[in-house]
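In: Structure, please.
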Amino acid sequence: MEHFARRVGAQDLTPLEPVIYRPRDLSLFLACRFFSTAAMQVQSVAIGWRIYEITRDPLSLGLVGLCQFVPMFVLTLPAGDIADRSDPRRVFSLSLIAQALCGALLFAGMFAETRLVWPYYAVLIAFGAARGMAGPSSQSLLPFLVSSQMLPRAIAWSSSVFQIAVIVGPALGGLLYALGPAAAFGFAIAGFLFAGTGVATLAGRRRAEGLPTKAALRSRIAEGLWFVRCRPVLLGAISLDLFAVLLGGATALLPIFARDILHTGPVGLGLLRSAPAVGAALVATTLGRRPIDRAAGARMFAAVAIFGLATIVFGLSTNFYLTLSALAVLGASDMVSVYIRHALVQFSTPDEMRGRVSAVNVLFIGASNELGEFESGVTAAWIGTVPAVIVGGIGTLLVVALWMRFFPPLRKIDRLADAAVPQNDQAQADGVPRPSTSSG
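Out: Residues are numbered from 1 along each chain as shown. Prediction:
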C-alpha cells in the first residue's frame, strides 16, 4: 500500500492518518528503545566494575567516558546529515547492530580474562562511534511515527520507557555480573540485536523527497548549527543541559561510592545506578498523562536547579538510603528538563532539518554525558571524589543563574507549542538559510 502523498496538479492527496501512523510502529519503537537502553546500562555496569576492579583508579573510570566521547564528538554532526539524506530507520538499525558487535568484543575480553585495560578502551572507542551514528537518527525518528498532536505524549512515553530501562538495566547488570560477566555481556548483545532488527521493520510517515544532494557536507552541517544558533529558546535549552550534565556527571563515580564509601558490592552498584531512573520514570509517567502546558521555561530552570542541589546531597551522603533518595530526586528533576528540551527541539524543527538539529542536540547533551564522566574522573583524581561531586553541584547552580540572565526568551516561554514555527516559514525565520533543492 502506498504510504506517501501523491501530487496531482497543485493538490496533495494525503492518505488517511491511521495508514501512516500505525500504533504498531510506536509500540515497536518503544520496545526497541527499552531493549537497546537496557543493554547499554547492563554493559555500562559491567565494564565500569571490571575496569575499576583492575585499576582501582578513579581516572580509569573517567577514561571510559572519554573513549566514548571522542568518536561521538567527531561523528555526531555528520551522522545528523546522513539521517537527513537517507532513511533514519536504516541508519539507526545498522548502528545498533554495530553496538552488538562491540558488546561481543567486550565479551571476548572478559572470556580471555585479560588484566590489561587498553583492549577495553579500544572497543569503547568503536562503541562510541556506533553511538555517535545512532544518536541523531534515533532522536529524529519519533515525529515520523506519530502525528504532531500525539507528539508530546509520545515523547513522554518514550522517556518513560527509557527511564524504566535505566531502572531495570543497572540493577539487572549488577545481578548478572554477580552471576558472571558472560551473563551481563550476553544480555547486552541480545538486546542490541533485537533493537536493531526491530527498528529496521518500522514504517510510519516518510520524509518528502527532493532534499539537497549536491551541497557541501560542511555547508549542510553548518545549516544545522546556524538553525540552533538563531533560536535563543533552542540554544538556551540545549546549552543549559550541556553544562548541567558536564558539571553534574558525578554518577560516573558510583563504583567508587559503592565500593569505598558506601561499602556495597555489584548489586548495590546496580541499585545506585537505577535510583536516578526511578525518580525519572515516575515523573515521565506523570508527564505522559498530564504533559506540561504552562510555564515551560521557568519549570526547566527550576528542574536544573534541583538537579544541582540533589548532586550536592549525593556527594555529602555516607548513608546508602540517603544516597538512593538523592539520586532519585536528581533523576526526577533531570527528567523534567529533558522532556521540555526534547519537546522544544521537535516543535521547532522542520522535517528536512530534523537529523542535523537532533545531531546538535545529541552532541551537546549525549556526548557531554561521557565528557562529564571524564571531567568527574579527572576532578576526583585531583581533589578527591566527594569534593568533585560537590563542586559539580555548585557549578550547576551557577549555570542556572547565568542562563536565566543570558536567555530570557527561554525563561519566559509558556507553552511548549509556542516554539513551533510553520514549516513553510521555518527557514526564513531568523535568517536561517533554506537548503537548496536544486539538483544542479
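
In: what bits of the stretch 101-250 of the chain have low per-residue confidence?
Out: Residue ranges of the stretch 101-250 of the chain with pLDDT under 70: 204, 206-217, 248-250.

In: where exactly do the strands run in it?
Out: With DSSP state E, counting those that start in this stretch as the criterion, the stretch 101-250 of the chain has no strands.

In: Correct me if wrong: residue 34 contacts residue 165.
Out: Yes. Counting by C-beta atoms under 8 Å, residue 34 touches residue 165, with 4.7 Å between them. Any C-beta I mention is one placed from the backbone N, CA and C, and that applies to glycine too.

In: who has more neighbours, those two?
Out: Legend: neighbour count by other C-beta atoms under 10 Å for residue 34 and residue 165, higher for residue 165 (25 against 22).

In: Once you drop chain neighbours, what's closest to that one?
Out: The shortest distance from residue 165 to any non-neighbouring residue, by C-beta to C-beta, 6 or more residues apart in numbering, is to residue 37 (3.7 Å).

In: what about the longest helix in this protein?
Out: helix 23-55 (DSSP state H).

In: ok, then the element right after that helix?
Out: helix 58-85 (DSSP states H and E).

In: For that following helix, list every residue counted as buried.
Out: 58, 60-73, 75-85 (16 or more other C-beta atoms under 10 Å).

In: any idea how far the residue lying closest to residue 200 once chain neighbours are set aside is from residue 383?
Out: In space, residue 200 comes closest to residue 93 once its chain neighbours are excluded; the distance is 4.1 Å by C-beta to C-beta, 6+ apart. As judged by C-beta to C-beta, to the nearest Å, residue 93 and residue 383 stand 43 Å apart.

In: what about those two, which has more around it?
Out: Neighbour count, other C-beta under 10 Å: between residue 93 and residue 383, residue 93 has more, with 22 against 12.

In: any idea which element that one lies in?
Out: Using DSSP H and E, residue 93 sits within helix 88-112.

In: circling back: wait, what's in contact with the residue nearest to residue 165?
Out: Counting by C-beta atoms under 8 Å, 6 or more residues apart in numbering, residue 37 touches 161, 162, 165, 166, 169.

In: separation between the closest residue to residue 125 other than its chain neighbours and residue 274?
Out: With sequence-adjacent residues excluded and distances taken as C-beta to C-beta, 6+ apart, residue 125 is closest to residue 67, at 5.0 Å. As for residue 67, its distance to residue 274 is 24 Å (criterion: C-beta to C-beta).

In: Kindly report the same for residue 363.
Out: Taken as C-beta to C-beta, the span from residue 363 to residue 274 is 27 Å.

In: cool, and residue 315?
Out: Distance from residue 315 to residue 274, by C-beta to C-beta: 19 Å.

In: Please identify which of those two sits among more neighbours.
Out: Using other C-beta under 10 Å, the more surrounded residue of residue 315 and residue 274 is residue 274, with 26 against 23.

In: In which helix or strand does that one reside?
Out: Going by DSSP H and E, residue 274 is in helix 266-289.

In: In the helix or strand encompassing residue 410, which residues are buried?
Out: Element membership for residue 410 (DSSP H and E) is helix 408-412. Buried residues in helix 408-412, defined by neighbour count with 16+ other C-beta under 10 Å: 410, 411.

In: do stretch 171-189 as well
Out: For stretch 171-189, by 16+ other C-beta under 10 Å, it's 171-178, 181, 183-189.

In: What segments of the stretch 201-350 of the chain are helices?
Out: 217-229, 232-247, 254-256, 266-289, 296-316, 320-348 (DSSP state H, counting those that start in this stretch).

In: Roughly how far does the nearest residue to residue 46 once chain neighbours are set aside sit from residue 377?
Out: Nearest residue to residue 46 in three dimensions, chain neighbours excluded: residue 184, at 4.0 Å (C-beta to C-beta, 6+ apart). For residue 184, the distance to residue 377 equals 22 Å [C-beta to C-beta].
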